[in-house]
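1. fold the following, please.
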Amino acid sequence: MNLLHVKYAVEVAKAGSLNKAAENLFVALPNVSRSIKELEADIGISIFDRSAKGVTLTPEGEEFISYAKGILYQIDQIENMYKNGAVKKQKFSISVPRACYISDAFAEFSKTLTKEAAEIFYKETNSKRTIDNILNHDYKLGIIRYAENYDKYFKAMLEEKGLCYEMVTEFSYKLIMSANSPLAKKETITFDDLKEFIEIAHADPYVPSLSLAKVVKEELPDNIDRRIFIFERASQFDLLERNTETFMWVSPAPQGVLKNYNLVQRTCDENKKVYKDVLIYKKGYKLTELDKQFITALCESKRKHL
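-> Sure, this is the predicted structure:
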């Protein structure tokens with residue numbers, strides 16, 4: 001596989017047109033077209049569907065371009081790393097669930113950075129995308145969250161994909177809501193108490209080998225009629241603070257977060273489901289000093305808040 005052809009394919013995907021890609025690359029159109037055809041022949045797939053309106057990625061092409069971008073990025077990193085006079089950067093990357101104690105750990109970890117140049121990536125998402133980020137997008141660490149009853153599905157998948165995994169913590173979800181919510185007046189809350197309120201939830205649950213419909217049914221049961229699906233943590237807290245009809249299931253939240261947003265945390269004894277947060281990384285990957293510093297901060301935050 002010719003690396004130059006890969007670069008051309010990524011540019012064509014970006015431009016959406018062979019003509020435009022050729023202009024951007026300062027290469028003759030026939031050369032770009034021929035390179036794409038040779039690349040497709042080499043790897044045995046059609047990367048693009050061609051039409052009078054331009055080119056679009058096939059499903060296999062989307063997957064290929066995703067990998068290709070990662071490869072080209074790594075090549076750029078290698079070139080920069082060994083160029084004369086290149087600045088050595090502190091590097092850290094992690095993909096995590098939306099969790100207050102992990103965010104707290106990351107904030108404390110950030111204080112340990114030295115004055116040297118640094119590139120730090122912190123991505124909040126679901127378990128499926130976290131795994132994909134480590135396998136295909138150059139993230140080094142990940143934390144995935146899943147219900148204890150799905151343990152065998154996740155461990156089998158992690159083993160199959162060559163990922164190491166270490167337990168971070170186990171917990172049961174708590175409820176948080178505005179301090180002015182009627183729910184806040186109750187020390188213990190039942191499922192029936194929640195029926196008239198609005199749940200803030202995530203619409204991206206995932207369990208390997210199980211259908212999304214089955215997972216959604218278990219993770220988002222139909223005893224709640226109103227849900228707002230939010231993916232960004234700050235928006236969740238704004239909603240909870242300002243709409244007294246809302247509530248959210250969370251891993252135990254730090255008191256500082258609750259105080260900042262005028263929230264309270266309550267238990268629901270009927271909710272006995274146990275969740276796991278698990279640290280993952282590729283087999284053979286050697287933890288860096290920054291990785292170890294984050295893990296130390298994570299353990300301290302866990303002891304403090306969970």
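2. need the three-state assignment for residue 88.
-> Assigned by DSSP: H, G, I helix; E, B strand; the rest coil, the conformation of residue 88 is coil.
3. how about the secondary structure of the nearest residue to residue 141 once chain neighbours are set aside?
-> What sits nearest to residue 141 in space, not counting adjacent residues and going by Cβ to Cβ, 6 or more residues apart in numbering, is residue 94, at 4.2 Å. Using the backbone N, CA and C atoms, a C-beta is placed for each residue, glycine as well. Under three-state DSSP, the three-state class of residue 94 is strand.
4. so residue 94 touches residue 143, yeah?
-> Yes: Residue 94 is in contact with residue 143 according to Cβ atoms under 8 Å; the separation is 7.1 Å.
5. which one of the two has more residues nearby?
-> residue 94 (27 against 21; other Cβ atoms under 10 Å).
6. ok, now how distant is the more buried one from residue 41?
-> 39 Å (Cβ to Cβ, to the nearest Å).
7. next: residue 290.
-> 43 Å.
8. check residue 89 too.
-> Residue 89 is 39 Å from residue 41, by Cβ to Cβ.
9. go on, residue 146?
-> 41 Å.
10. so which of the two has more stuff around it?
-> The neighbour count for residue 146 versus residue 41, taken as other Cβ under 10 Å, is higher for residue 146 (22 against 9).
11. so the more buried one bridges to which residues?
-> Beta-bridge partners recorded for residue 146 (DSSP bridges): residue 276.
12. how about residue 208, phi and psi?
-> Backbone geometry at residue 208, expressed as degrees, to the nearest 10, gives phi -60, psi 140.
13. residue 27: which element?
-> Assigned by DSSP states H and E, residue 27 falls within no helix or strand.
14. quick one, what contacts the nearest residue in space to it that is not next to it in sequence?
-> Spatially, and ignoring its direct neighbours in sequence, residue 27 is nearest to residue 8 (7.4 Å; Cβ to Cβ, 6+ apart). Residue 8 makes contact with 21, 25, 27, 32, 35-36, 39 under the criterion Cβ atoms under 8 Å, 6 or more residues apart in numbering.
15. which of those residues sits closest to residue 171?
-> residue 39 (48.0 Å; Cβ to Cβ).
16. from what I can see the closest one touches residue 47, true?
-> Yes: the criterion here is Cβ under 8 Å, and residue 39 meets it with residue 47 at 6.9 Å.
17. any of the contacts of residue 8 buried? List them.
-> Neighbour-count burial (16 or more other Cβ atoms under 10 Å) applied to the contacts of residue 8 gives 21, 25, 32, 35-36, 39.
18. of all pairs in those, which one is the farthest apart?
-> Farthest pair in those (Cβ to Cβ) is 25 and 39. Separation: 14.2 Å.
19. circling back: distance check, the residue nearest to residue 141 against residue 292.
-> Taken as Cβ to Cβ, the span from residue 94 to residue 292 is 13 Å.
20. what are the boundaries of the helices in the stretch 151-300 of the chain?
-> Taking DSSP state H, counting those that start in this stretch, the helices of the stretch 151-300 of the chain run over residues 151-160, 191-194, 212-219, 233-242, 255-260, 289-305.
21. tell me the contacts of the closest residue in space to residue 254 that isn't next to it in sequence?
-> Nearest non-adjacent residue to residue 254, counting by Cβ to Cβ, 6+ apart: residue 305, 4.7 Å away. Residue 305 sits next to 100-101, 104, 252-254 when contact means Cβ under 8 Å, 6+ apart.
22. let me see the contact set for residue 288.
-> When contacts are counted by Cβ under 8 Å, 6+ apart, residue 288 touches 91-92, 140.
23. common neighbours of residue 39 and residue 47, please.
-> In contact with both residue 39 and residue 47: residue 9, using Cβ under 8 Å, 6+ apart.
24. okay, buried residues for the helix or strand of the chain with the lowest mean pLDDT please.
-> Lowest by mean pLDDT, DSSP states H and E among the helices and strands of the chain is helix 212-219, with a mean of 80. With burial defined by 16+ other Cβ under 10 Å, the residues of helix 212-219 counted as buried are 215, 219.
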